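Asks: Let me see the structure of the following:
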Amino acid sequence: MTFAEGKNTGTLASIGRGTVPGRRAGSLPGTNPKNTSGDILPSLGRNELIREVQAIVLHFPIKQVAEEQDCTTKAVESQRSGDSAMSLLAAANMSRSNPRARAMFARLFGFTGHYTDPDFMEGMEKVFHAYLRQQHQVAEEGPAEACDEAMGDLFGGMHH
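Replies: Numbering: from 1, shown residues only. Okay, the predicted model is just below:
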């Protein structure tokens, strides 16, 4: 595709209802010629992406997934049956509202580490929210009461 400036931005080939980057003659799908480090994952094909999305959405109730993706239950049923994937917008919305889904999508996008463990992410989310609730309570009680309570916990109920 060439724009008015005359710069070549690559070719696009229409596939189904979307577009995908075109390939140069001789290049192989699923390979990255710039991958010299060995830590880059291979490209996903459409069917692989559909299977990965299917595996994620099957972990949650249909209605919950529809609300988190901001889509219809029919769209989620299509994802669960393996008939379609989901948009990046739907994946982002689901990830932002569900820590377990966020960890599963992190793996799909090639991330590694603790934040790709759904149990760890859900636990961290609970710890974070408990901390925020505690801070809110401290602000309502005032510093003196919060300090007395913390000192009691710290010294096993003994106040000085």
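Asks: shaky segments in this protein?
Replies: By pLDDT under 70, the weakly predicted segments of the chain are 1-39, 141-160.
Asks: quick check: domain ranges of it?
Replies: Domain ranges of the chain: 44-112, 118-154, per automatic domain parsing.
Asks: what's near enough to touch S84?
Replies: By CB atoms under 8 Å, 6 or more residues apart in numbering, the contact set of S84 is 50, 75, 78. Every C-beta, even on glycine, is put in place using the N, C-alpha and C of the backbone.
Asks: Just put those residues in a markdown table and tack on secondary structure.
Replies: Shown next, in a markdown table, are these (DSSP: H, G, I helix; E, B strand; the rest coil):
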| residue | secondary structure |
| --- | --- |
| I50 | helix |
| A75 | helix |
| S78 | helix |
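Asks: Check which helix or strand F60 maps to.
Replies: If you go by DSSP states H and E, F60 is not part of any helix or strand.
Asks: The contacts of S84 into a markdown table, with extra columns for neighbour count and distance to F105?
Replies: Compiled in a markdown table, these are given as follows (neighbours: other CB atoms under 10 Å; distance: CB to CB, whole Å):
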| residue | neighbour count | distance to F105 |
| --- | --- | --- |
| I50 | 19 | 14 |
| A75 | 19 | 17 |
| S78 | 18 | 18 |
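Asks: ok, the residues you listed vs Y115, which is closest?
Replies: Distance ranking of those against Y115, using CB to CB, places I50 first at 24.2 Å.
Asks: Using the three-state scheme, assign the closest residue in space to that closest one that isn't next to it in sequence.
Replies: Of all residues not flanking I50 in the chain, A85 sits nearest, at 4.7 Å (CB to CB, 6 or more residues apart in numbering). Here A85 is recorded as coil under three-state DSSP.
Asks: Test my guess that I56 contacts A101.
Replies: Yes - at 6.3 Å, I56 counts as touching A101 under the criterion of CB atoms under 8 Å.
Asks: Need the winner for burial among the domains of the chain.
Replies: Greatest average neighbour count among these goes to domain 44-112 (a mean of 17), per mean count of other CB atoms under 10 Å.
Asks: Contact partners for the residue nearest to I50?
Replies: 46, 49-50, 53, 79.
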